[in-house]
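S.K.: model the structure of this input:
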Amino acid sequence: MKIAFKHSAIVPVKTYGGTERVLYWLMKELVSMGHEVTLLGPTGCEVMNIGVKYQTYNSKIDATRFDVVHFFEPVAELPKDVPSLITIHGNGKPGETFHRNTVFLSKKHAQNHNATCYVYNGIDFSYYPFDQHKTTSWNTFLFLAKAKWKVKNLRDCVRACKKSKKELYVAGGRAFTLSKQIHSMGMLADAQKLQLFKKCDALLFPVRWHEPFGIAVLEAYSQGLPVICSSYGSLPELVNSRTGIVCKNYNEFEDAVGKDKNTFDGASIRKYAEGNFSSRKMAEAYLTLYKKVISGEKLNPEQPKYMGEQHPETLLDF
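M.R.: Next up, the predicted model:
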């Protein structure tokens, strides 16, 4: 199959950029499965080393060159002369509508947009070597997200760690100093991030919005780290009693952080992630959707529409 992807950000990323990571792994997996993949992207992309053809994008797509075009970012409309689909990585605004060939990232993400079509993100586990070891330590935690983005809720992570006298490493966004107990690392390259994972016992992810997916959850799983999270968006689909703790409110979150010891098995967490959230599994799911749009089928029974009455980044209770 000849598959084109269109995206306006540089691929791959060096530090922050979950969407671009997913796109890179998806293209790499499709090439390994024997498909011809082309990226229509901005100047500076480095994808030819994984077998992806590359050209700087323009407003016109030559429909005769591809079997399907996959947009990896919002577009005003899809082309009419080539089978195409679009993956939405964020949340819409109240009343915002989307094309029927829109793919969402989780069941809840789709439901919030009155849709049914979704594909879970997957990661390439070869980029995340796992040092298998068992520990009962529950003293050092990681926050991995844009530190200044309020919906990611760094505030309650700091609050809970200070109350429990636990350490917290903050990775993502501009570096800043909080206290001797709270360590701000700023933006980290992949190698630095892997080293930081080895220092930590769990990922804190108490988001206060409907998280579409959460690549940080999979990155934590790749290193055998459980996840302590809120119950919003996709998180109850990603986190279960074997892989972490889903908290309904701040008191439950504080209690989880304050536990005496780690009762999770890191090797089991890694195995669970490999079996459910690999880039291969993601690629197989998208191939099924490509075949559907090529045959003329629509991916959702009706036009998706964001069903929330408030802006998606309005803080939810916690």
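S.K.: any idea how far the residue nearest to Lys292 when sequence neighbours are not counted is from Asn251?
M.R.: Closest residue to Lys292 apart from its sequence neighbours, by Cβ to Cβ, 6 or more residues apart in numbering: Leu299 at 6.4 Å. (Each C-beta comes from the backbone N, C-alpha and C, glycine too.) As judged by Cβ to Cβ, to the nearest Å, Leu299 and Asn251 stand 41 Å apart.
S.K.: against Arg155, how distant is Asp131?
M.R.: Taken as Cβ to Cβ, the span from Asp131 to Arg155 is 32 Å.
S.K.: sorry, back to before: tell me the pLDDT at the residue nearest to Lys292?
M.R.: pLDDT, Leu299: 98.
S.K.: OK, contacts around it?
M.R.: Going by Cβ atoms under 8 Å, 6 or more residues apart in numbering, Leu299 touches Leu85, Arg100, Asn101, Thr102, Val103, Cys117, Leu289, Lys292, Val293.
S.K.: for those residues, which one is nearest Ile269?
M.R.: Val103 (26.8 Å; Cβ to Cβ).
S.K.: next, Gly275: secondary structure please.
M.R.: Secondary structure state of Gly275, per DSSP: H, G, I helix; E, B strand; the rest coil, is helix.
S.K.: what helix or strand is the residue nearest to Lys292 located in?
M.R.: In the assignment (DSSP states H and E), Leu299 maps to no helix and no strand.
S.K.: then Phe5?
M.R.: strand 2-6.
S.K.: distance from the centroid: which residue in the protein tops it?
M.R.: Thr64 (32.3 Å; Cα atoms, centre = their mean).
S.K.: checking that residue next. Helix, strand or coil?
M.R.: helix.
S.K.: quick one: contacts for it?
M.R.: Here Thr64 is in contact with no residue (Cβ under 8 Å, 6+ apart).
S.K.: quick thing: my sequence starts at 817, can you match it?
M.R.: Sure thing, new numbering starts at 817, so read that last one as Thr880.
S.K.: per-residue pLDDT of it, please?
M.R.: The model's pLDDT for Thr880 equals 79.
S.K.: what of Tyr832?
M.R.: So, for Tyr832, pLDDT stands at 68.
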